[in-house]
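> Any chance you can model this:
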Amino acid sequence: MDNLKLAELLFKDIDKTPEYYEERYPQRDLKEGARVTRFAPSPTGFLHFGNLFTCLVSYKTAKSTNGVFYVRVEDTDQKRKVDGAIEVMLKGLSVYGIVPDEGVVSEGEEKGDYAPYYQSARKEIYQAYAKSLVQQGLAYPCFMTPEELDEIRAAQENESIKGIWGKWAKHRDLSLEEIKKNIADGKAWTLRLKSPGSVDGKCFFDDMIKGKIEMPENVQDVVILKSDGIPTYHFAHAVDDHLMRTTHVVRGDEWISSTPIHLQLFKVLGFKPPKYAHVAPIMKEENGGKRKLSKRKDPEAAVTYYAEEGYPSESVNEYMLTLANSNFEDWRRMNKDESLDKFPFNLKKMSVSGALFDMVKLTDVSKNVISKMPAQKVYSLSYEWAKEYNPALAALYEKDAERATAILNIDRENKKPRKDIAKWSDIPDYISYMYGETFVPCYELTGNATPALAVKVLEKYVDLVNLGDSKDEWFERIKGMCESVGCTPNVKEYKQNPEVFDGHVGDVSTVIRVALTGRTNTPDLYAITALLGEETVKQRLNAALDYYKEKA
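Reported below is the predicted structural model:
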């Protein structure tokens with residue numbers, strides 16, 4: 001076989017060589033140890049949590065080493081392309097602070113010296129390398145029809161190794177004359193790798209997460225160019241990761257089975273392979289067992305879920321790092337207010353078997369993150385969320401932004417801020433008693449507070465309340481009225497002689513709290529009273545008094 005003639009026959013229009021592209025895309029000028037990673041989506045769907053998580057791992061791998069993170073769009077399958085999918089993905093990533101250094105930065109817009117970053121625009125590059133493989137006798141045209149391939153699949157049903165190899169590789173050794181005749185007859189062809197693998201051969205690689213892995217060597221003559229000249233994923237990713245000088249490929253562990261093919265392609269192409277880091281899928285507990293987080297079953301699998309519910313991106317990022325690195329929570333305890341960017345991310349600290357998604361944990365993490373935010377930031381972020389997802393809340397904010405911010409600042413910006421809000425969708429209920437439009441009276445009491453005690457407390461307090469009081473003066477008024485309603489201002493005294501009193505100062509406060517808010521547990525009652533205003537306070541106290549008189 002004259003491989004040079006065969007290469008010219010198959011690729012007569014390809015005049016550039018691999019050497020040309022090696023010079024066109026040189027090694028990156030980066031500091032030693034800097035890692036180059038990528039996110040390589042196909043425009044066939046939208047961002048889900050697994051994508052986001054894997055992408056964050058890839059991003060942190062680059063950023064923790066002062067490396068480069070880029071986006072390459074794998075759009076060779078134009079039939080499955082979904083318009084707008086890439087833009088949605090990129091915007092979704094940017095929400096969580098994942099912004100590429102180069103590559104596709106918005107739909108149709110690229111930046112960087114290793115362009116084009118759309119695979120559909122790199123056809124001639126792939127074909128130059130394919131032509132080189134044919135010249136070396138490492139690839140050949142295969143003319144098998146879909147029907148023939150179906151017959152082989154049926155015949156291999158009980159075979160341990162499937163695909164085109166050995167006796168099944170019918171066109172591996174066609175003569176140049178036979179190939180010319182097939183082409184002249186108009187027969188479609190694909191280009192297959194002439195695999196150098198053997199049945200007894202082994203493939204070894206050191207996975208950055210899972211450690212050393214041993215697998216059977218690839219023996220299949222896999223397709224590297226389809227009949228339309230477009231590369232398969234396997235071939236395109238090998239050429240692109242080499243020319244874009246990718247050092248670390250972070251991807252889902254479903255790709256482990258394909259790694260022997262990929263490593264073989266790197267070898268026959270003469271490339272140094274990147275290091276692989278295969279991320280285990282996010283798991284979820286169900287019926288005592290575990291299963292993968294499902295796009296079909298679990299709403300939290302869609303990244304849009306977090307925006308709709310109003311989880312701040314900071315909370316989701318914080319939570320993802322608890323899933324990504326086993327030492328993150330210890331680091332956070334030691335660095336309570338440090339930026340996530342300072343966390344020394346390490347691939348080797350990732351779970352081998354798959355981290356467990358826990359909504360309760362996400363809620364706790366988010367409550368902690370939001371509790372540390374200043375009121376102005378809580379207002380701004382929740383207002384932006386409300387404009388899109390809760391117009392009623394946005395309308396309340398717009399009535400008086402300063403008052404809304406003050407409401408959100410109750411028990412905030414102090415040493416021990418409350419942790420009532422896990423997501424912005426919690427806010428409408430959380431502040432509902434602060435607005436006449438959303439306040440729903442509820443007069444259920446707890447502790448020693450009874451309707452009879454409530455009548456006595458409210459009859460006194462409605463005349464005593466003074467919104468000009470300082471916080472200390474306000475509390476002294478409540479303590480001062482305890483004795484006249486049969487209670488003690490001293491909780492310890494009540495515990496020592498409960499039969500002597502109808503209750504203590506806490507029960508008196510509960511009556512007032514329930515009357516004003518409809519709740520037994522709220523942030524600082526003094527601040528609430530001041531922000532409600534005298535007219536509303538008197539109105540609610542009298543309404544509650546009327547209710548309890550009927551019940552007493």
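
> Please point out which parts of the helix or strand containing Lys267 sit buried.
Applying DSSP states H and E as the criterion places Lys267 in helix 259-269. By 16 or more other CB atoms under 10 Å, the buried positions in helix 259-269 come out as Thr259, Pro260, Ile261, His262, Leu263, Gln264, Leu265, Phe266, Val268, Leu269. For glycine as for every other residue, the C-beta is placed from the backbone atoms N, C-alpha and C.

> Then stretch 67-80?
Buried residues in stretch 67-80 (16+ other CB under 10 Å): Gly67, Val68, Phe69, Tyr70, Val71, Arg72, Val73, Glu74, Asp75, Thr76, Asp77.

> Quick one: end-to-end length of that stretch, please.
33 Å (CA to CA, to the nearest Å).

> now do the same end-to-end measure for stretch 115-122.
9 Å.

> can you tell me the average pLDDT over it?
In this model, stretch 115-122 has an average pLDDT of 96.

> Identify the residues contacting it?
Stretch 115-122 is contacted by residues 70-76, 78, 102-104, 110, 231, 236, 239-240, 244 when judged by CB atoms under 8 Å, 6 or more residues apart in numbering.

> Out of the residues you listed, which sit inside strands?
Among the contacts of stretch 115-122, the ones falling in strands (DSSP state E) are Tyr70, Val71, Glu102, Gly103, Val104, Glu110.

> what secondary structure does Arg251 sit in?
strand (DSSP: H, G, I helix; E, B strand; the rest coil).

> For it, give me its contacts.
Thr54, Tyr276, Ala277, His278, Val279.

> can you pull the contacts of the fourth one?
By that I understand His278. Counting by CB under 8 Å, 6+ apart, His278 has contacts Asp207, Ile209, Lys210, Arg251, Gly252, Asp253, Trp255, Ile256, Thr259.

> Direction included, what does the host helix or strand of it pair up with?
Using DSSP H and E, His278 sits in strand 275-279. Take DSSP bridges as the rule and strand 275-279 pairs in its sheet with strand 248-252 (parallel).

> so how far is the strand it pairs with off the chain centroid?
Centroid displacement of strand 248-252 relative to its chain, using CA atoms, centre = their mean, to the nearest Å, is 16 Å.

> tell me the mean pLDDT over that strand?
97.

> That strand vs helix 259-269, what angle?
150 degrees (axes from the mean of the first three to the mean of the last three CA atoms, to 10 degrees).

> Output strand 248-252 as CSV, nothing but the C-alphas.
Provided in CSV are the C-alpha atoms of strand 248-252 (Å, rounded to 0.1, in the frame of the first residue of the first chain):
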residue,chain,number,x,y,z
HIS,A,248,-5.7,18.6,32.8
VAL,A,249,-9.0,17.3,31.5
VAL,A,250,-11.7,17.3,34.2
ARG,A,251,-14.8,15.3,33.2
GLY,A,252,-17.5,12.9,34.5
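
> tell me which residues of that strand are tucked away?
Quick answer for strand 248-252 (16+ other CB under 10 Å): His248, Val249, Val250, Arg251.

> what does stretch 541-552 give?
Leu541, Ala544, Leu545, Tyr547, Tyr548.

> now do stretch 31-48
Arg35, Val36, Thr37, Arg38, Phe39, Ala40, Pro41, Ser42, Pro43, Phe46, Leu47, His48.

> cool, stretch 483-499 as well?
For stretch 483-499, by 16+ other CB under 10 Å, it's Val485, Cys487, Thr488, Pro489, Tyr494.

> quick one: which of the buried residues of helix 259-269 is nearest Leu293?
Leu293 has its nearest neighbour among those in Thr259, at 23.3 Å by CB to CB.

> Check the separation of the first and last residues in stretch 224-233.
Stretch 224-233: ends 8 Å apart by CA to CA.

> cool, and stretch 273-281?
Termini of stretch 273-281 sit 24 Å apart (CA to CA).

> Same check on stretch 62-80?
End to end - CA to CA - stretch 62-80 spans 30 Å.

> Pull the contacting residues for Ala527.
Taking CB under 8 Å, 6+ apart, one finds Ile410, Asp411 in contact with Ala527.

> For it, what are phi and psi?
Note on Ala527: its backbone torsions stand at phi -70, psi -40 [degrees, to the nearest 10].

> show me where pLDDT drops low in the chain?
Across the chain, nothing is flagged by pLDDT under 70.

> report the longest helix in it, please.
helix 534-551 (DSSP state H).

> how far does that helix sit from the chain's center?
Taking mean C-alpha positions (CA atoms, centre = their mean), helix 534-551 and its chain are 48 Å apart.

> Which elements pack onto that helix?
Secondary-structure packing of helix 534-551 (3 or more CB pairs under 8 Å, 6 or more residues apart in numbering; DSSP states H and E): helix 451-464, helix 505-517.

> What would the shortest one look like as CSV? C-alpha coordinates only.
What follows is helix 505-517, C-alpha atoms only, in CSV (Å, rounded to 0.1, in the frame of the first residue of the first chain):
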residue,chain,number,x,y,z
VAL,A,505,-41.4,38.7,81.6
GLY,A,506,-40.9,36.3,78.7
ASP,A,507,-44.6,35.5,78.7
VAL,A,508,-45.5,39.2,78.7
SER,A,509,-43.2,39.7,75.7
THR,A,510,-44.8,36.8,74.0
VAL,A,511,-48.3,38.3,74.3
ILE,A,512,-47.0,41.6,72.7
ARG,A,513,-45.0,39.7,70.0
VAL,A,514,-48.0,37.6,69.0
ALA,A,515,-50.3,40.6,68.9
LEU,A,516,-47.9,42.6,66.7
THR,A,517,-46.5,39.9,64.4
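
> which other helices and strands contact that helix?
By 3+ CB pairs under 8 Å, 6+ apart, helix 505-517 packs against helix 451-464, helix 471-480, strand 487-488, helix 525-532, helix 534-551.

> can we see that at 6 Å?
helix 451-464, helix 534-551 (3 or more CB pairs under 6 Å, 6 or more residues apart in numbering; DSSP states H and E).

> quick one: buried residues of the first one?
What that stands for is helix 451-464. Leu453, Ala454, Val455, Lys456, Val457, Leu458, Lys460, Tyr461, Val462.

> helices or strands up against it?
Using 3+ CB pairs under 6 Å, 6+ apart, helix 451-464 sits against helix 505-517, helix 534-551.

> Can you lay out the ones you listed as CSV showing distance to Val360?
Listed next are the helices and strands packed on helix 451-464 as CSV, based on distance: least, CB to CB, whole Å:
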stretch, distance to Val360
helix 505-517, 26
helix 534-551, 35
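
> State the distance from Asn346 to Trp168.
44 Å (CB to CB, to the nearest Å).

> swap that for Pro299, sorry
45 Å.

> Between these two, tell me which one has more neighbours.
Comparing Pro299 with Trp168 by other CB atoms under 10 Å, the one with more neighbours is Trp168, at 20 against 10.

> Distance of that one relative to His234?
18 Å.

> same check, this time on Gly137
From Gly137 over to His234 (counting by CB to CB), the distance is 20 Å.

> cool, Arg38 as well?
16 Å.
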